[in-house]
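Asker: Pasted the sequence and its predicted model underneath.
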Amino acid sequence: MGGRSARPVRSAVKGLTLDTGALIALERGEQRITALLDRALATPDAVLHIPAAVLAQAFRDGRRQVRLVRLLGRRQTTIVPLDDSIAYAIGALLGAADARDVVDASVVLCARLRRQGVATSDPDDLRRLDPSLLLTVV
């Protein structure tokens, strides 16, 4: 995949935006995402942002997705709603990039608006939408 050399999240970033791959990696208990989340949350005012479309893509059964439910219950975790203004912005971003993935575009916009890096398992698609985005591959 070649994406393993993605730039790390700088300590100046107050929190992190998570994509679906990050949530899946967390649920699988992968050490890389666990360590990344621990570092991100070490800053007292850090917030983890999860776009609503990402949550919809990853969530299946809260009784079996214990790690995910635990993360969602943290006070530092915020689910970012997909409202009409974000929907228009997602459509415009996809049109400009000649792309189609609404979830990826919601991740990019969420990170841009909050000036955060993104924890992702799919850096190539996100870079296509925004080459300047700070990505950490999980």
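Answerer: Sure, I can see it.

Asker: pLDDT averaged over the one helix or strand Ala53 maps to - what is it?
Answerer: Using DSSP states H and E, Ala53 sits within helix 52-58. What helix 52-58 shows for mean pLDDT is 98.

Asker: Flag every buried residue along the following helix or strand past it.
Answerer: Next helix or strand after helix 52-58 toward the C-terminus (DSSP H and E): helix 66-72. Going by neighbour count (16 or more other CB atoms under 10 Å), the buried part of helix 66-72 is Arg67, Leu68, Leu71, Leu72. From N, CA and C alone the C-beta is placed, and that goes for glycine too.

Asker: And helix 66-72, what does it pack against?
Answerer: Judged by 3 or more CB pairs under 8 Å, 6 or more residues apart in numbering; DSSP states H and E, helix 66-72 is in contact with helix 20-27.

Asker: so how far is the helix or strand just after the helix it packs on from its chain's centroid?
Answerer: Using DSSP H and E, the next helix or strand after helix 20-27 towards the C-terminus is helix 31-41. From the chain centre to the centre of helix 31-41 is a distance of 13 Å (CA atoms, centre = their mean, to the nearest Å).

Asker: wait, Leu71 sits on Asp38?
Answerer: No: using CB atoms under 8 Å as the test, Leu71 is too far from Asp38 to be in contact (11.6 Å).

Asker: So which residue is dead centre in this protein?
Answerer: Centroid-nearest residue in the chain: Leu18, 1.8 Å away (criterion: CA atoms, centre = their mean).

Asker: who touches it in this structure?
Answerer: Taking CB atoms under 8 Å, 6 or more residues apart in numbering, we find Leu18 in contact with Leu48, His49, Ile50, Val54, Val118, Ala119.
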